[in-house]
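Undergrad: Build me a model from this:
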Amino acid sequence: MTSIPFRLWAKLRLALVLSIAAAAAQAHEIVPTVADLSVEGETLTLEVRGNIEAYLAGVDLSQYSDTNDAPQAEAYDALRAQTEAEIAAQADALLPAWNAVPVVAVDGAAVALSVAGVEITPEADIELPRDGRLTLTGAVPADAREVTVTWPATGGALVLRQQGVEAPFTGLLDPGTPSEPIAVAGGGAVSGWQAFVAYILVGFDHIVPKGLDHILFVLGLFFLSTQVGPLLWQVTAFTVAHSVTLAIATLGLVNIPGSIVEPLIATSIVYVAVENIFARGLTRWRPVIVFAFGLLHGLGFASVLGDFGLPDGQFVPALIGFNVGVEVGQLAVIATAALLLWLGARAAAMADLPPKEDMVADYTVMHRAFAMTGSLLIAIIAVWWVIERTLL
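TA: This next block holds a predicted model:
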């Protein structure tokens with residue numbers, strides 16, 4: 001079996017350390033933007049829930065999923081340090097640019113929006129985003145027929161939900177792209193297929209790039225063994241479990257606060273990573289334990305899905321689509337990790353010019369070494385998350 005060159009090992013391990021450390025540093029993850037649209041009489045109301053500080057700082061939410069990565073990171077941090085009242089007082093500064101888009105048009109004519117209310121949920125930890133609710137209103141004709149919403153190009157994706165009508169429109173809007181005309185009287189509900197496809201994207205996005213804790217958990221499953229069997233058993237147990245709790249939590253049958261769920265999810269990552277270090281392979285209880293942890297992760301998925309909401313009348317297709325998106329995201333993480341290790345093994349084999357049949361052996365050796373290094377780093381990060389989510 002061919003040995004792996006030391007310099008190549010050093011570079012590959014450094015890349016792993018930096019990538020996992022970067023994941024741990026994502027303390028300013030941007031929350032999704034959700035808007036509720038309603039028209040009553042001659043008043044249109046758009047209630048926007050999102051990261052108001054990011055809007056004010058000018059962070060391009062279409063490009064960055066974490067404010068630390070944006071050029072406006074310093075400006076965002078300064079705003080995040082201000083009080084809720086100070087932020088609310090600056091909300092009017094958003095309107096000139098938003099009305100210039102325009103964000104809302106009725107029957108082809110732009111609607112001038114004004115701020116009718118600002119509510120920001122207090123958050124003691126300055127490293128975490130605050131939940132902001134911005135209520136915008138505008139005057140519309142009494143006989144208004146259609147509304148078009150265009151979220152700013154830098155605003156990131158927008159979940160738009162129509163309220164107060166039969167068969168309301170619910171959709172995921174791309175930034176800078178006008179929505180289809182939405183009937184003021186309702187009747188624009190999406191089809192089952194449309195809901196299914198749209199929520200695949202929502203589910204995938206929650207794993208890659210935003211589900212950092214879930215990514216580390218899945219990597220922990222991957223690091224246990226090079227064999228397909230152990231990975232298949234674990235992924236199957238995890239998938240079945242989180243699908244169950246995602247469904248029952250979304251239905252409202254179970255409601256456990258995030259203050260309890262999030263530390264437990266971090267604990268599950270610690271367990272999987274530590275067991276990887278000491279276990280020699282798949283134990284009898286590993287799938288059972290992974291199933292139990294999958295139940296916890298399903299509750300975490302449900303909280304995210306609760307942020308977006310599910311379209312009326314298309315609950316099942318949207319829920320299935322979200323779950324499919326989560327699975328595709330998880331498989332993408334595993335496939336990427338396997339590909340990177342395989343490319344590393346191939347580079348090592350080419351450096352030493354071994355027979356081709358040594359490629360599998362090189363991959364196995366590299367996987368084991370990375371499993372030890374990676375599992376240790378994941379355990380350290382997850383222990384910090386447990387402390388942060390429990391005590392800080």
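Undergrad: okay, stretch 271-286 in PDB with CA atoms only?
TA: Output of stretch 271-286 as PDB, limited to C-alpha atoms (Å, rounded to 0.1, in the frame of the first residue of the first chain):
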ATOM      1  CA  TYR A 271     -21.500  12.100  20.600                       C
ATOM      2  CA  VAL A 272     -21.200  11.100  17.000                       C
ATOM      3  CA  ALA A 273     -17.800  12.700  16.600                       C
ATOM      4  CA  VAL A 274     -16.400  11.200  19.900                       C
ATOM      5  CA  GLU A 275     -17.700   7.700  19.000                       C
ATOM      6  CA  ASN A 276     -15.900   8.000  15.600                       C
ATOM      7  CA  ILE A 277     -12.600   8.500  17.400                       C
ATOM      8  CA  PHE A 278     -12.900   5.400  19.600                       C
ATOM      9  CA  ALA A 279     -15.200   3.000  17.600                       C
ATOM     10  CA  ARG A 280     -13.700   0.600  15.100                       C
ATOM     11  CA  GLY A 281     -16.800   0.500  12.900                       C
ATOM     12  CA  LEU A 282     -20.600   0.300  13.000                       C
ATOM     13  CA  THR A 283     -21.700  -0.800  16.400                       C
ATOM     14  CA  ARG A 284     -25.100  -2.500  17.100                       C
ATOM     15  CA  TRP A 285     -26.500   0.600  18.800                       C
ATOM     16  CA  ARG A 286     -25.100   3.300  16.400                       C
END
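Undergrad: can you give me the helices for the stretch 151-300 of the chain?
TA: 192-207, 212-223, 228-250, 258-278, 286-308 (DSSP state H, counting those that start in this stretch).
Undergrad: Can you list the buried residues in the last one?
TA: Same thing as helix 286-308. 286-287, 289-305, 307-308 (16 or more other C-beta atoms under 10 Å). From N, CA and C alone the C-beta is placed, and that goes for glycine too.
Undergrad: Next: the second one.
TA: Buried residues in helix 212-223, defined by neighbour count with 16+ other C-beta under 10 Å: 212-223.
Undergrad: about what we covered before: can you put the helices of the stretch 151-300 of the chain in JSON lines and add distance to residue 142 and mean pLDDT?
TA: Formatted as JSON lines, these follow (distance: least, C-beta to C-beta, whole Å; pLDDT from 0 to 100):
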{"stretch": "helix 192-207", "distance to residue 142": "31", "mean pLDDT": "84"}
{"stretch": "helix 212-223", "distance to residue 142": "48", "mean pLDDT": "91"}
{"stretch": "helix 228-250", "distance to residue 142": "38", "mean pLDDT": "89"}
{"stretch": "helix 258-278", "distance to residue 142": "43", "mean pLDDT": "89"}
{"stretch": "helix 286-308", "distance to residue 142": "32", "mean pLDDT": "85"}
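Undergrad: wait, which of those is closest to residue 126?
TA: Across the helices of the stretch 151-300 of the chain, residue 126 has its closest neighbour in helix 258-278 (17.8 Å, C-beta to C-beta).
Undergrad: Contacts made by that closest one with the rest, please.
TA: Helix 258-278 is touched from outside by 213, 216-217, 220-221, 223-224, 283, 286, 289-290, 293, 296-297, 299-300, 303, 371-372, 375-376, 378-379, 381-383, 385-386, 389-390, with contacts defined as C-beta atoms under 8 Å, 6 or more residues apart in numbering.
Undergrad: again, only this time at 6 Å
TA: By C-beta atoms under 6 Å, 6 or more residues apart in numbering, the surrounding residues in contact with helix 258-278 are 213, 216-217, 220, 223-224, 293, 296, 299-300, 303, 371, 375, 378-379, 382-383, 385-386, 389-390.
Undergrad: Next: stretch 215-231.
TA: Contact with stretch 215-231 is made by 234, 269, 272-273, 276, 281-282, 330, 333-334, 337, 364, 367, 371, 374-375, 378, as judged by C-beta under 6 Å, 6+ apart.
Undergrad: Quick one: buried ones out of these?
TA: For the contacts of stretch 215-231, buried by 16+ other C-beta under 10 Å: 234, 269, 272-273, 276, 282, 330, 333, 337, 364, 367, 371, 374-375, 378.
Undergrad: Just give me the closest of these to residue 137.
TA: For these, the residue nearest residue 137 by C-beta to C-beta is residue 330; the value is 41.8 Å.
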